[in-house]
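Q: I would like to see how this sequence folds:
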Amino acid sequence: MDRELSTQYKRKKKLLKYSGVAATIIIIVISVMGFRYILGSSVNRSMIRTAVAEIGSIEASITASGNVVPEYEQIITSPIQSKIDKVFKNAGESIQAGQSILKLNQEFIMMAYDGLKDELKLKINRKSQLNLKLERSRIDLQAAYDIKELQTTAIAAKLEQEKHLYEIGAGTKVNLDQAQLNLEVSRRELEQLRKQIDNQQKSLEADLRELELQIRIQEKDVEKLEREIELAEAKADRDGVITWVNDDIGATINKGDVIARVADLGSFKIEANISDIHAAKLHVGNPVKIRIGGQDLAGEIVSIRPTIQNGIITFIVELEEKTNSSLRSNLRVDVFVITSFKDDVIRVANGPFANGSGPQDIFIVKGDKAIRKRVTIGATNFDYVEIESNVDIGDKVIISDMSDYIHRKELTVKNK
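A: Down below sits the predicted model:
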């Protein structure tokens, strides 16, 4: 009869089993690490890229992406709410300055224009009438004033006569007093008439100034409508190519809607985008290099958009060679914003070996050995990296990615 195994015996069997598995795993790990160590002690020369350290200048720069866009683009918007009646030019066609691209329906704006001009004519006619009234009133009141002035002069003479008669005893005190009273009344009536003339003159002149102001406002409204009628013909301001046009005949267009775009493809600028982490380094006037294939074009930042969208800053670069034959609309280009310039520094070609600025380890080839060195990386740009310490002129620096070997102080460089 079989006996049941004891718990202690079972525990020992299980422990021996787990110990064997653990030992196997440890052996495998050690073997792999040893194999990697053996392999990691050398590198094939054909698998690495090197660059010789040299003395030269370096322009520290930050990299942005850019698009070539026309330097001039006319965006034509509808000046009125209307409908598209006819399209004269389609997208992609050339156009000369003054030519119409499309025609908007002008029925309602012409009705408003005619009504406004009629109102203007009425106000101009009213102004003429008011001028005549002003002149007629001035003449009538001046005539009345002149008559009253003559009457006052006559009354004054009558007073002098009464004084003389009174002095010689031929007149009475009553007649003298009456004559003095008559003169005082006449003088006051004359003064009242003078004030009436002034008030009437000022009132008519105020009415005239108000009417003239209304006429000027009306004239501006007429000029505005004339301008809108002219813009409704959607004419190009200069020679160019139509890049887009709303060719949906009969479609309703609201005031301010874009109806066409005309670009001058003879000269270009760059619209560039960069992360907002570089915001502090961007300034209007920064020199810029634009790389198109193997060619570099010089330029400078002329404007930076004030708003940041999704962590991206947009800026505009004006080129020195705006008409360079390599420029094409919507062509993507590399943009290098130069932030500083250094001369007579030790530099090597840029490559994956450099991870930003500051201290880091690199490898320098000496004969068949690659020696790890701690150096300080300074300014960088797309082409070069400045090495500030621990590298001599003529040293051959490995510029490939050596992160897999960075734990090694020395490597053997094999020819095969």
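Q: Point out where the stretch 301-416 of the chain drops to low pLDDT.
A: For the stretch 301-416 of the chain, residues meeting the criterion pLDDT under 70 lie at 416.
Q: could you pull out the strands for it?
A: 312-319, 332-349, 358-366, 369-380, 384-387, 396-398, 410-414 (DSSP state E, counting those that start in this stretch).
Q: Take the ones you listed and lay them out in a markdown table including mean neighbour count and distance to Ala170.
A: All C-beta atoms are positioned from the backbone trio N, CA, C, and that covers glycine. What follows is those, written out as a markdown table (neighbours: other CB atoms under 10 Å; distance: least, CB to CB, whole Å):
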| stretch | mean neighbour count | distance to Ala170 |
| --- | --- | --- |
| strand 312-319 | 19 | 105 |
| strand 332-349 | 17 | 113 |
| strand 358-366 | 17 | 127 |
| strand 369-380 | 17 | 122 |
| strand 384-387 | 22 | 126 |
| strand 396-398 | 21 | 138 |
| strand 410-414 | 15 | 149 |
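Q: so can I have a markdown table of these showing distance to Lys86?
A: Listed next are the strands of the stretch 301-416 of the chain as a markdown table, based on distance: least, CB to CB, whole Å:
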| stretch | distance to Lys86 |
| --- | --- |
| strand 312-319 | 36 |
| strand 332-349 | 37 |
| strand 358-366 | 65 |
| strand 369-380 | 58 |
| strand 384-387 | 59 |
| strand 396-398 | 68 |
| strand 410-414 | 75 |
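Q: How about residues contacting stretch 176-190?
A: By CB atoms under 8 Å, 6 or more residues apart in numbering, the surrounding residues in contact with stretch 176-190 are 145, 148-149, 151-152, 155-156, 158-159, 161-163, 166.
Q: next one: phi and psi at the spatially most central residue of the chain?
A: The chain has Arg305 as the residue nearest its centroid, 5.6 Å off, counting by CA atoms, centre = their mean. Geometry field for Arg305 lists phi and psi as phi -70, psi 140, criterion degrees, to the nearest 10.
Q: Output the longest strand belonging to the protein.
A: Counting residues, the longest strand found in the chain (DSSP state E) is strand 54-77.
Q: Residue ranges in this protein under the pLDDT threshold?
A: Residue ranges of the chain with pLDDT under 70: 1-40, 416.
Q: show me where the stretch 101-250 of the chain has strands.
A: Per DSSP E, counting those that start in this stretch, the stretch 101-250 of the chain carries strands over the ranges 102-104, 240-245.
Q: Compare the ones you listed and give me the one nearest Asn254.
A: Evaluated over the strands of the stretch 101-250 of the chain, closeness to Asn254 peaks at strand 102-104, with 11.5 Å, by CB to CB.
Q: just checking, Arg82 touches Ile253?
A: Slight slip there: residue 82 is Ser, not Arg. Yes - taking CB atoms under 8 Å as the definition, Ser82 is a contact partner of Ile253 at 5.5 Å.
Q: Could you name every residue contacting both of the two?
A: Both Ser82 and Ile253 are contacted by Leu104, under the criterion CB under 8 Å, 6+ apart.
Q: need the helices for this structure, in chain order.
A: Remark: helices of the chain, listed N- to C-terminal, are 7-39, 107-167, 173-231; assignment by DSSP state H.
Q: by contact count, what packs against the longest one?
A: Spelled out, it's helix 107-167. With contacts defined as 3 or more CB pairs under 8 Å, 6 or more residues apart in numbering; DSSP states H and E, helix 107-167 has these neighbours: helix 173-231.
Q: for the helix it packs on, the distance to its chain's centre please.
A: In this view, helix 173-231 has its centroid 52 Å away from the chain centroid, taken as CA atoms, centre = their mean, to the nearest Å.
Q: Check stretch 119-131 too.
A: What separates the centre of stretch 119-131 from the centre of its chain is 46 Å, taken as CA atoms, centre = their mean.
Q: Which residues belonging to that stretch are considered buried?
A: Within stretch 119-131, the residues scored as buried using 16 or more other CB atoms under 10 Å are 120, 123, 127, 130.
Q: surely the third one meets Glu210?
A: No - here Lys127 does not reach Glu210: they are 10.3 Å apart, not a contact under CB under 8 Å.
Q: Common neighbours of these two, please.
A: Here Lys127 and Glu210 have no joint contacts, going by CB under 8 Å, 6+ apart.
Q: quick one, what contacts the closest residue to Ser389 other than its chain neighbours?
A: In space, and not counting its chain neighbours, Ser389 is closest to Thr376: 4.6 Å by CB to CB, 6 or more residues apart in numbering. Contacts for Thr376 (CB under 8 Å, 6+ apart) come out as 358-359, 387-390.
Q: before we move on, the earlier item: relative to Phe382, which of the buried residues of stretch 119-131 is nearest.
A: Checking the buried residues of stretch 119-131 against Phe382 by CB to CB gives Leu120 as the nearest, at 64.5 Å.
Q: Skipping adjacent residues, who's closest to the closest one in space?
A: Taking CB to CB, 6+ apart, and ignoring the residues beside it in sequence, Leu120 has Gln218 as its nearest neighbour in space, at 4.6 Å.
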